[in-house]
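S.K.: sequence and computational prediction follow.
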Amino acid sequence: MSIQLEVVKFRDLVPLQSIPRFVEAFGAENPAVEILGSDFRSVDKILINELPSPEFIIISKSTIYAQLPAGAKKVSSVSVVSSKFTRTNKSSQLTFEIGDKSRAVEGMQKLMQLFTKWMLQSPGSDIFNPERGGGLQELVGVVSTSRNMGPILATVTRAVQNTVTQIRSAQIKFPQLPLNERLLSAEVVDLDVFEAQMTARLRVSLQSVAGPRAVAEVGL
């Protein structure tokens, strides 16, 4: 089985139960919140108001104290990100980074990384493969609202379908490619537009020829 450097990270979002109170875990000058959940043993990072928490302490399996980002006076959102890759229907959070420690990926993670990169790529951006790319990156900055989803959903669906066609065509040339790295299908699960944050969140479900299916969430 081949491996590849991980540059697209897919990480499970750990379910939360509540954020009951503020605590002084890092001193009075550094406000923090108590976060309760089911299992925090694999937590990799915490995002508060979409920003990384400078520091957090895992108190127990179900409790974390997380420091608020600089300048934050209240908590509007919290995401607890696991170091694990999920294959659940809830989807994985996606980020582009290599990180402090390089890591290799294989199997389904490698397939999802390939699909995401090709889906976002604009045709013509690669002089060696000018036709490659689903063109989804071109949606960034497009003005749209939740009341006019038809055109944007059509563009997203077309980007996904084009990427499937391109990858399956390219993989035919590599008969020794492992089945769990060979793309069978991909489909749009849902697309949500958040007008206040001026963002859109797309969930795409991928299935390999070997059978496993995984869902990735992409923010635009």
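M.R.: It's in.

S.K.: list the buried residues in the lengthiest helix in the chain.
M.R.: Of all the segments of type helix in the chain, defined by DSSP state H, the longest one is helix 150-171. By neighbour count, with 16 or more other CB atoms under 10 Å as the criterion, the buried positions of helix 150-171 are Ile152, Leu153, Thr155, Val156, Ala159, Val160, Asn162, Thr163, Val164, Gln166, Ile167, Gln171. C-beta here means a position set from N, CA and C on the backbone, and glycine is covered the same way.

S.K.: for Asn180, grab phi and psi.
M.R.: phi -80, psi 0 (degrees, to the nearest 10).

S.K.: that one and Ala210 touch, don't they?
M.R.: Yes: using CB atoms under 8 Å as the test, Asn180 is close enough to Ala210 to be in contact (4.0 Å).

S.K.: who has more neighbours, those two?
M.R.: Neighbours of Asn180 and Ala210, each counted by other CB atoms under 10 Å, are more numerous for Asn180; the result is 17 against 14.

S.K.: tell me the domain boundaries of the protein?
M.R.: Taking automatic domain parsing as the reference, the chain has its domains at 12-82, 106-219.

S.K.: reformat the ones you listed as TSV; add mean pLDDT.
M.R.: Output for these, formatted as TSV (pLDDT from 0 to 100):
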stretch	mean pLDDT
domain 12-82	87
domain 106-219	84
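
S.K.: helix, strand or coil for the residue of the chain most remote from its centre?
M.R.: Note on the chain: the largest C-alpha distance from the chain mean falls to Ala28, namely 34.0 Å (CA atoms, centre = their mean). When the structure is split into helix, strand and coil by DSSP: H, G, I helix; E, B strand; the rest coil, Ala28 lands in coil.

S.K.: again with the one 5 residues further on
M.R.: Three states are possible here, and by three-state DSSP the one that applies to Val33 is strand.

S.K.: so what's it bridging to?
M.R.: Val33 has these beta-bridge partners by DSSP bridges: Phe22, Ala66.

S.K.: next up, the contacts around it.
M.R.: Taking CB atoms under 8 Å, 6 or more residues apart in numbering, we find Val33 in contact with Ile19, Arg21, Phe22, Val23, Ile48, Tyr65, Ala66, Leu68, Val75, Val78.

S.K.: for Ile127, state which of those residues is nearest.
M.R.: When the contacts of Val33 are ranked by distance to Ile127 (CB to CB), Ile48 comes first, at 41.7 Å.

S.K.: enumerate the beta-bridge partners assigned to that closest one.
M.R.: According to DSSP bridges, beta-bridge pairing links Ile48 with Leu51, Val78.

S.K.: isn't it up against Ser77?
M.R.: Yes: taking CB under 8 Å as the definition, Ile48 is a contact partner of Ser77 at 7.3 Å.

S.K.: the one helix or strand Met108 maps to relative to helix 150-171, how many degrees between them?
M.R.: Taking DSSP states H and E as the definition, one finds Met108 inside helix 107-120. Inter-element angle recorded for helix 107-120 and helix 150-171: 120 degrees (by axes from the mean of the first three to the mean of the last three CA atoms, to 10 degrees).

S.K.: so how far is helix 107-120 off the chain centroid?
M.R.: On the basis of CA atoms, centre = their mean, to the nearest Å, helix 107-120 is displaced by 11 Å from the centre of the chain it belongs to.
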